[in-house]
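> can you look at this prediction? I've put the sequence above it.
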Amino acid sequence: MKTLSRRRFLSSAALTLAAMRLRVASAGQASPSNSSTSAAQATLTIPPEAAGAQMPDDFVGLSYEVRQLTDPQFFSGANRGLIAQFKALSANGVLRLGGNTSEFGYWKPTPDSPEPAHPQTREVPGEPKADFYPVTAEAVRNLADFLKATGWTCIYGIGMGTNVPERAAAEGEFAAKTLGDRLQYFQIGNEVDLFSRHLRDPKTWNAQTYLAEWLTLAQAVTGKVPDARFGMPDVAGRMEWLTEIGAAWGSIANPPRVTTLTHHHYFGGPATNPAVNIPNLLAPAEMSKVQSAADTANGAAAKMGVRVRMTEGNTCFRGGKPGLSDVFAAALWAADYALLLASNGYTGINLHGGTMGPIASGLGGFLPGDDLLKEQGATPEQIAAHPHPFYTPIAQFGAEYVMEPVAYGLKFAGALSGGTLVKADLTAPLQAAGVNASAYAAKLADGRATVVVLNKDAEKDLDLTLDFGSGRRERAETEALHAPALDSREAHIASSASLRLQHGTCRVQVPHASGLRITLR
């Protein structure tokens, strides 16, 4: 397995950026004489009106473990390096706090507050051990400073698995007062459909028993915070729970104010699973699965009069997979995944990440990806060159914070935030041409039309004609998402060619393993 030092990474990045600019600039003025004979050819007709879903300004988001708050300086106004990376990713994103570890946190309002008694839980391989930790007032106050510094808001996770109504209400009250308008809503419980493994009786735990318990905790929080808003149920994968909850919601008298139906999505896992690989990650079957889940979620949300958000997900569960989660293929997956959810009316997406300690503590103390690298003969230095966890969008190497490839994919998709998507299937014509590619179009908030094309194919370039309709603006600008290869430990977003439209059409080439955004001026 190739590894890349930080110095070598920055050097190759600069060279790659210059090369890609030349490549795309040339492609932008493609003509029959210079187009590749091996490229797949396709034409997309872009509808003049955007009648699809509106993509919120704060669509982009990240997810972290609640346990990250045990270091009060991490999410704080003093952590300038992390603040800079959040702002580089999005000017107004959404930070979600939850994860496996949220079920073992307890509210500690003062330094002298005693640790409460905890219920017994089962110890199951792969599930977090009963390692209880405090969430302090200092951490929440620092979190408020961090959110103000970044311009982000927060989905604040309160534990359910080992919590009691009184503590949930006290924590919710303090968080609401401290975070103020930076608090979007509360989330009570994380991956509750998996509680039967280690936190609840598998014989009796189901969507109905969950809902009854959730109502008790949510009503306790509402008693202290009358205008409290909630997202729920935050399932790991049992989408039928959303359907059951949606069907039951209308029979609940005076329910708490739920604004968002939430669920998670990981492509696969763990790292040791050979089926978790780049070809499968980028295969059309993955997005077909995503579409099926979105259909179920939106059906349930319609019954409740709410919208849907994907609050935790990434490429590979249990910490990610080296060579998959931390390479350019993850960037293309993230961009495609985010825009597909946006076209389905989702309010946003939160890719999971963080630092090694909190993630590993929720997985039994280790990352399967590290074991995989050791089996492959990697040295400690080579292992340390990877982000830990492997899937984290923002990695920490010493005192430096770095946006990983998966974050670049999310950022590339986030350029459409605030716009309205075109209600047309632009992917089918590309796949019919024999290339593994996806496409999305939108009308931006400033009125300009934009098209994103993601060529996930490992071999075929795409020779693409875009027809915006006669009478459209004469010029367009382009922006590329690129790297040397799908398995490169880097990603870049670069402005490239300026295009001239002829009778409302332009022709571009989208190289294999790359993305291109074309925006009318």
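Great, that's in hand. Residues are numbered from 1 along each chain as shown.

> contacts only, for residue 152.
By C-beta atoms under 8 Å, 6 or more residues apart in numbering, the contact list for residue 152 reads 58, 86, 90, 92, 93, 94, 95, 182. Every residue, glycine included, has its C-beta placed from N, CA and C.

> how about residue 326?
With C-beta under 8 Å, 6+ apart as the criterion, the residues that contact residue 326 are 320, 386, 387, 390, 391, 404, 405, 406, 489.

> next: residue 391.
The neighbours of residue 391, taking C-beta under 8 Å, 6+ apart as the test, are 314-316, 319-321, 325-326, 330, 351-353, 406.

> does the nearest residue to residue 130 once chain neighbours are set aside count as helix, strand or coil?
Among residues not flanking residue 130 along the chain, residue 121 sits closest, at 4.8 Å (C-beta to C-beta, 6 or more residues apart in numbering). On the three-state scheme (DSSP: H, G, I helix; E, B strand; the rest coil), residue 121 is labelled coil.

> for residue 266, same thing?
Assigned with three-state DSSP, residue 266 falls in the strand class.

> from residue 141, how far out is it?
Between residue 266 and residue 141 the distance is 32 Å, computed by C-beta to C-beta, to the nearest Å.

> more neighbours: which of those two?
With other C-beta atoms under 10 Å as the criterion, residue 266 and residue 141 differ in neighbour count, and residue 266 comes out ahead with 19 against 16.

> per-residue pLDDT, that one?
What the model reports for residue 266 is a pLDDT of 98.

> who does it bridge with?
Beta-bridge pairing of residue 266 under DSSP bridges involves residue 314.

> contacts only, for it.
When contacts are taken as C-beta under 8 Å, 6+ apart, residue 266 is in contact with 313, 314, 315, 316, 317.

> what sits against the first one?
What it means is residue 313. Under the criterion of C-beta under 8 Å, 6+ apart, the neighbours of residue 313 are 63, 264, 265, 266, 337, 349, 350, 351, 352.

> cool, the fourth one as well?
Residue 316 makes contact with 266, 267, 268, 269, 270, 271, 276, 324, 325, 369, 390, 391, according to C-beta under 8 Å, 6+ apart.

> ok so, going back, so which of the contacts of residue 152 are in helices?
The helices in this structure, assigned by DSSP state H, contain residue 86 from the contacts of residue 152.

> I'd like the contacts of residue 152 laid out as a markdown table, including neighbour count, pLDDT and distance to residue 235.
Output for the contacts of residue 152, formatted as a markdown table (neighbours: other C-beta atoms under 10 Å; pLDDT from 0 to 100; distance: C-beta to C-beta, whole Å):
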| residue | neighbour count | pLDDT | distance to residue 235 |
| --- | --- | --- | --- |
| 58 | 20 | 98 | 23 |
| 86 | 25 | 98 | 27 |
| 90 | 23 | 98 | 25 |
| 92 | 16 | 95 | 27 |
| 93 | 26 | 98 | 23 |
| 94 | 24 | 98 | 19 |
| 95 | 22 | 98 | 21 |
| 182 | 20 | 98 | 26 |
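
> cross the contacts of residue 152 against strands and list the overlap.
Those of the contacts of residue 152 mapping onto strands are 94, 95, per DSSP state E.
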